[in-house]
Each structure stands twice: as C-alpha cells, then as structure tokens.
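Asks: below are the sequence and a predicted model; questions follow.
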Amino acid sequence: MPHEIYLAAVADKNLALVLKVLPAIVVIMLASAVCGRLALLVKQPRVLGEMIAGVLLGPTFFGALFPDAQKAVFPVEVKPVLYVLSTIGLTVFMFLVGAGMDHGSASGAKQGRQAAILATSGVVPSLLLGAGAGYLLYDRLSRSDVSELEFAFFIGGALSITAFPMLARILYERRLQNTVLGRMTLLGASVDDAAAWCFLAVLSAVHAKAGVWHAFRTIGLAALFAAFMLLVVSKWLRPLGNSVERTGNFGFDQMYLVMGIVVLAGYFTDYIGIYSVFGGFVAGLAMPRNPTFREALLSRMMDFVCVLLLPIFFAFSGLNTRLNGLVGWGMALPFLLILAAGFAGKYFGCAFAMKAAGFSWRESCAVGGLMNARGLMILIFINVGLAQEMITQDVFSLLVLVAVLTTAAAMPLYRWALPERIEKQLGAADGTQTGPSSVTAAGPDQDIPVPGHRSPAGFPAG
C-alpha cells in the first residue's frame, strides 16, 4: 500500500512537488532550531545560529560531505519554491521592520541631532571605505557587465547597513531602551537601515539594462511610491490605528487590509525593478504608530515569519554560498580588505561620533560594536544584488562570511566595553533599571519576549 500511494503521488506532479518541498522545509527548520539554540548557549543572538545553519546546509558543508543526501533534500525543482517562499518572508519581514521602527524614540532637539550624527557616522565612513575596497577589487571580483562605480558602491552600501532588529533586541534585553544612549542608538540604527534600503533602490534602478532614461524613470517611480505611501496611505490608515487603539480589536478584516497593502507594495516595487523588500519596508513605515496597533500586528505575524519563512531565506542564501571557494590567498586578501573596511568604518566611525557627542569612551565603543553587527539585514541586501546580477557568487559568499563575523563580534565587543557594573551605573544615571532582563536571566531562550513587553520592532535578535 505505501508503494502504491507513492506511485500515485509521483503521478500527480503537484503532489510530487509538495512531497519534495515539505521534507526540505522540515530539514531547514530543524537545522535552524538546533543552531539557534547553540548560538544562545554561547551568548550569541539566535539569528547568528540561523545564519550559520543556512551556510551548513549549502555546498560548503552538507553538499561537500553528503552530496547525494543534499541533492535528495534540495533537488533542483525545490529551489524555485524556496525562492518564492523566502521572497514572501523577506517582504513581510521588512514590512514588520518598518512598522516596528519607533520614529519618536529620540526626545528633544539635542538628542535628535546626536542621533543624526550617529546615523551619518554609521553610514558615510563604511560606505566610502567599502566603496574604496570595491574599487580596488573590481578587476578581480566583479562581473564584466557591472561598472566600477556600481560594484564599488554596492560593496560600500552592503557594509554600511546595521542589524537594527538585533540592536533593538539587545538594548531591550539589557533594559537600556529608555536611557539616552539606548534611545539615540535605536534612532540612529533605524535611519541607517532606511538609508541603506533607499540606496539599494537607487543602485537597482541604475543597474537596469534599459539605459539612463529607464534608470531615472525607475528612481522617479520609487520616489513617487515612497511619497504616496508615507504622505497619503499613512494618513488614510490613521483611523485604523485609532480604532485598534480605542477598541483593542485587530481582526481578520484589518489583517486583510494590511496584508493587501504589503503585497501590492511589494508587487509594485518589483514591477518597476526595485525588488519587493523595498516595497514591504516602505509599507511598514506607512503603518499607524499607535502602540496597540503595532503590538497586535507584530505579535500576530513576527513569530510565524521568524520560525518558518526566515529560516527558508537563510537556507536559500546558504545554497548559494560556497565558502570553500574562498580558501587561499587569492580570495583571502580581498576578504580581509572588505572585512577591515566594513569593521573600521562602522566601529570607529560610530565610536568617535558618540565620543564627540559627549558620551564616555565605554559607551561610545559599546555603540560602535552594536552598530557594526549586520545580521540578517546584509543578507537581504546581498541577495537582492545576487538576484539582479550586480555581484558574483564568490562576492556573495564573501559578504555572507563578513555578515557572520561582524554579527558574532557584536555582543563580545559590547560586553567588553560595558560590563554589567558599568551598565547598571548607566541606568542609574538615567533613572532606569538596567542589566539582563528576566528574559536573559531565564536561561538560553533569551529571545523569547517577556509577556506584554516587546522591543520597538518586536523581534527576536535579527
């Protein structure tokens, strides 16, 4: 009977595809769960383990040690399905990133100016140093159909990004979110990420093959789309936010409306040539700012996206990552140059900016370490570049390794700069209680939010 059922399943091509996709998803979730748990045990964010799980499932480890098993789990016909699921997951995740950004996190003109300085120092030095490294490595690493300027600024843009959700989660776990340093860092990181996505939108438009006019057309349409979403749609949605805030009810009708906006926004930006994640992000920025609305939205969607869809994205990225190709001085030197440019631009740029704004060296170095983490966000950025053929597979793999290392370094650098006793003094000066929250104290599951208490983006560290 089982054999007959199997033959019947194979005869139905749709069911045969399902029977190949579901085991692949199970393997992905299992690897992500195990690696995420191991990351937590060594006091790293879960997302770092999930990133590593994706790499391990690719040709570097699983494919090298068990090639037949990897081909059986991830056959060629399964990869397009994983791509579609990962694209949906990324679009919705970036929507939640935008919806979770707290635009009011800096209070007062002075704090706003400090946050603007931090955001600028987090983008400009790493962008310029990364672009310089990309320019030097153009002949060795770039595709022949990509210009020197495109390649250089893509590397710079990738290195200028910050893992805003991860930074937000760390600050909330350490109860630093209401300190001056915490509020300013959150705002600076959110501006960093917004700038990076806008920069990527421009690069995507310039990379279009239809000439200068088409590039300007795409950029113009993207600007009109962003203006329409942020000025018109956001105003149109205010009554929805007020209604949810007043009644506490966020039902299916509201969810249909919100998800319809996300899908249409993603479709439009894909249609004009700027990838759907940008549309999802701008749609999130257009959502109402009401705390009850944001909490309801994030609590309904974030866990599902993080547990099912994002691991698929990490796995799909891992299937495109070949770290064994980076062995040897031929790729080691370019890797070290790009890593040094990215680290120095973020860490020292942010640290010096914080010091100039009047913070201590300890606080400044702690922020530099956190802002240097790139986490999931750089993977989204470089996946867009790979999909649009702005970078090669080798450059993609190299930047995946940069993402893993800078993310892994974030917490050790933070703890080195701000030991717990200094952290408590920082909180006492601001009148807040700091140190590990009950989430952290509970043990390895430190990315499980305290009931009724989520980060402004509502994320496990991402």
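Replies: That came through, no problem. Numbering: from 1, shown residues only.

Asks: could you use CA atoms for every contact and neighbour count after this?
Replies: Noted.

Asks: now the helices for the stretch 1-150 of the chain?
Replies: In the stretch 1-150 of the chain, the segments counted as helices under DSSP state H, counting those that start in this stretch are 2-11, 13-41, 46-57, 62-65, 67-73, 79-100, 109-136, 138-141, 148-159.

Asks: between those, which gets nearest to Ala194?
Replies: helix 79-100 (8.5 Å; C-alpha to C-alpha).

Asks: tell me how far that closest one is from the chain's mean position?
Replies: 11 Å (C-alpha atoms, centre = their mean, to the nearest Å).

Asks: counting contacts, what elements does it pack onto?
Replies: helix 252-272, helix 276-285, helix 291-304, helix 310-319 (3 or more C-alpha pairs under 8 Å, 6 or more residues apart in numbering; DSSP states H and E).

Asks: make JSON lines out of the ones you listed and add distance to Gly156, mean neighbour count and mean pLDDT.
Replies: Converted to JSON lines, those look like this (distance: least, C-alpha to C-alpha, whole Å; neighbours: other C-alpha atoms under 10 Å; pLDDT from 0 to 100):
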{"stretch": "helix 252-272", "distance to Gly156": "23", "mean neighbour count": "17", "mean pLDDT": "91"}
{"stretch": "helix 276-285", "distance to Gly156": "18", "mean neighbour count": "28", "mean pLDDT": "87"}
{"stretch": "helix 291-304", "distance to Gly156": "30", "mean neighbour count": "17", "mean pLDDT": "87"}
{"stretch": "helix 310-319", "distance to Gly156": "20", "mean neighbour count": "26", "mean pLDDT": "89"}
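
Asks: can I get those helices in CSV with distance to Val81?
Replies: Shown next, in CSV, are the helices and strands packed on helix 79-100 (distance: least, C-alpha to C-alpha, whole Å):
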stretch, distance to Val81
helix 252-272, 18
helix 276-285, 17
helix 291-304, 18
helix 310-319, 10
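
Asks: what's the nearest residue to Ala344 if we skip its chain neighbours?
Replies: Ser126 (7.3 Å; C-alpha to C-alpha, 6 or more residues apart in numbering).

Asks: surely that neighbour meets Ala340?
Replies: No: Ser126 lies out of contact with Ala340 (C-alpha atoms under 8 Å); the separation is 9.8 Å.

Asks: more neighbours: these two, which one.
Replies: Ser126 (30 against 16; other C-alpha atoms under 10 Å).

Asks: quick check: the gap between the more buried one and Ile161.
Replies: Distance, Ser126 to Ile161, by C-alpha to C-alpha, to the nearest Å: 9 Å.

Asks: please apply the same query to Thr292.
Replies: Counting by C-alpha to C-alpha, the gap from Thr292 to Ile161 is 29 Å.

Asks: next: Val84.
Replies: Distance from Val84 to Ile161, by C-alpha to C-alpha: 24 Å.

Asks: same check, this time on Asp145
Replies: 25 Å.

Asks: so which of these two has more stuff around it?
Replies: The neighbour count for Asp145 versus Ile161, taken as other C-alpha under 10 Å, is higher for Ile161 (31 against 11).

Asks: any idea how far Gln254 is from that one?
Replies: 32 Å.

Asks: likewise for Ala387?
Replies: Counting by C-alpha to C-alpha - Ala387 and Gln254 are separated by 33 Å.

Asks: and for Gln44?
Replies: 36 Å.

Asks: straight-line length of stretch 388-398, end to end?
Replies: Where stretch 388-398 begins and where it ends lie 17 Å apart, using C-alpha to C-alpha.

Asks: ok, now stretch 206-219?
Replies: Separation of the first and last residues of stretch 206-219 by C-alpha to C-alpha is 8 Å.

Asks: average pLDDT across that stretch?
Replies: In this model, stretch 206-219 carries a mean pLDDT of 67.

Asks: Trp236: neighbouring residues, count only.
Replies: For Trp236, using other C-alpha under 10 Å, the count is 15.

Asks: can you give me the angle the host helix or strand of it makes with helix 276-285?
Replies: In this assignment (DSSP states H and E), Trp236 forms part of helix 234-247. Interaxial angle of helix 234-247 relative to helix 276-285 (axes from the mean of the first three to the mean of the last three C-alpha atoms, to 10 degrees): 60 degrees.

Asks: how far off centre is helix 234-247?
Replies: Mean-position distance between helix 234-247 and its chain equals 28 Å (C-alpha atoms, centre = their mean).

Asks: other residues contacting it?
Replies: Helix 234-247 is contacted from outside by Asn249, Phe250, Gln254, Ala286, Met287, Pro288, Arg289, Asn290, Pro291, Thr292, Phe293, using C-alpha atoms under 8 Å, 6 or more residues apart in numbering.

Asks: helix/strand/coil for the second one?
Replies: Which is Phe250. Assigned by DSSP: H, G, I helix; E, B strand; the rest coil, the conformation of Phe250 is coil.

Asks: distance of it relative to Phe381?
Replies: 32 Å.

Asks: do you know how far the residue sitting nearest the centre point of the chain is from Thr162?
Replies: Centroid-nearest residue in the chain: Met377, 2.2 Å away (criterion: C-alpha atoms, centre = their mean). Going from Met377 to Thr162 by C-alpha to C-alpha gives 7 Å.

Asks: the helix or strand where Phe216 lies: how far from the chain's middle?
Replies: Assigned by DSSP H and E, Phe216 belongs to helix 212-227. What separates the centre of helix 212-227 from the centre of its chain is 24 Å, taken as C-alpha atoms, centre = their mean.

Asks: nearest spatial neighbour of Phe313, chain-adjacent residues omitted?
Replies: Ser86 (4.5 Å).

Asks: hmm, I typed the wrong one, I wanted Lys71.
Replies: Gly63 (7.7 Å).

Asks: from memory the one you found sits against Gln70, does it?
Replies: Yes: applying C-alpha under 8 Å, one finds Gly63 in contact with Gln70, separated by 5.5 Å.

Asks: shared neighbours, these two?
Replies: With C-alpha under 8 Å, 6+ apart, Gly63 and Gln70 have common neighbours Leu57.

Asks: which ones are touching the residue lying closest to Leu401 once chain neighbours are set aside?
Replies: In this structure, Leu401 finds its nearest non-sequential neighbour in Leu323, 7.9 Å apart by C-alpha to C-alpha, 6+ apart. With contact taken as C-alpha under 8 Å, 6+ apart, Leu323 is in contact with Thr60, Ser397, Leu398, Leu401.

Asks: among those residues, which ones are in strands?
Replies: Using DSSP state E, no member of the contacts of Leu323 falls within strands.

Asks: any idea which of those is closest to Leu118?
Replies: Within those, proximity to Leu118 (C-alpha to C-alpha) peaks at Leu401, which comes in at 25.7 Å.

Asks: number of residues surrounding Cys306?
Replies: Neighbours around Cys306, by other C-alpha under 10 Å: 18.

Asks: try Ala409
Replies: 16.

Asks: what do you get for Glu389?
Replies: There are 15 residues near Glu389, going by other C-alpha under 10 Å.

Asks: not counting sequence-adjacent ones, nearest residue to Leu167?
Replies: That would be Leu370: by C-alpha to C-alpha, 6+ apart, it lies 6.2 Å from Leu167.
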